[in-house]
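Engineer: Got a predicted structure plus its sequence, pasted below:
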Amino acid sequence: MSKLEIFDPAMCCSTGVCGPSVDPDLTRVASVVYSLEKRGFDVTRYNLSNDPGEFVENKKVNQVLQEKGADALPVTILNGEIVKDSSYPSNDEFSDWLQVDAADLKDKPQTRVTIDIDKL
């Protein structure tokens, strides 16, 4: 099975729904990652704010940062090789790399909220 790693720029979360505005690209990538994980793919995201050691320890990512600076983020690695930097992969790219139908990459996490109106 393929291993996919995404090295995100510094941000407060990977979903894109925090802060004053929603980043549709981040929400799309979060949905793709969720869909891939649901299908058993090994996907890991590292955030420069929360996981700086991962950026230092990964020699390829470290080299890209040394050469291009933080503008090279995000960096996407597939099976140990950099396949994209400076922007997130498209759904078609994810699909091609992982041999998954692009239509199967649109699952969204389901959250259930229970409200006890007796306590309101």
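Structural biologist: Good, I have the coordinates.
Engineer: If you count neighbours, what's buried in stretch 31-47?
Structural biologist: Buried residues in stretch 31-47, counting neighbours by 16 or more other CB atoms under 10 Å, are found at Ser31, Val32, Val33, Tyr34, Ser35, Leu36, Phe41, Val43, Arg45, Tyr46, Asn47. Using the backbone N, CA and C atoms, a C-beta is placed for each residue, glycine as well.
Engineer: State the distance spanning the first to the last residue of stretch 96-106.
Structural biologist: From its first residue to its last, stretch 96-106 covers 15 Å (CA to CA, to the nearest Å).
Engineer: What residues of that stretch count as buried?
Structural biologist: Trp97, Leu98, Val100, Leu105.
Engineer: show me what contacts the first one?
Structural biologist: If I follow you right, that is Trp97. Ser2, Leu4, Leu78, Val83, Pro89 (CB atoms under 8 Å, 6 or more residues apart in numbering).
Engineer: Quick one, which of those has the minimum pLDDT?
Structural biologist: Lowest pLDDT of the contacts of Trp97: Ser2, 91.
Engineer: my read: that residue touches Gly40, true?
Structural biologist: No: taking contacts as CB atoms under 8 Å, Ser2 lies outside contact range of Gly40: 10.6 Å.
Engineer: Which parts of this structure are strands?
Structural biologist: 3-8, 42-47, 75-78, 81-85 (DSSP state E).
Engineer: Among these, which comes closest to Asp118?
Structural biologist: For Asp118, the closest of the strands of the chain is strand 42-47, at 39.7 Å, according to CB to CB.
Engineer: who does that closest one pair up with?
Structural biologist: strand 3-8 (parallel) (DSSP bridges).
Engineer: biggest helix in the chain by residues?
Structural biologist: helix 24-38 (DSSP state H).
Engineer: By mean pLDDT, flag the weakest helix or strand of this protein.
Structural biologist: helix 24-38 (a mean of 92; mean pLDDT, DSSP states H and E).
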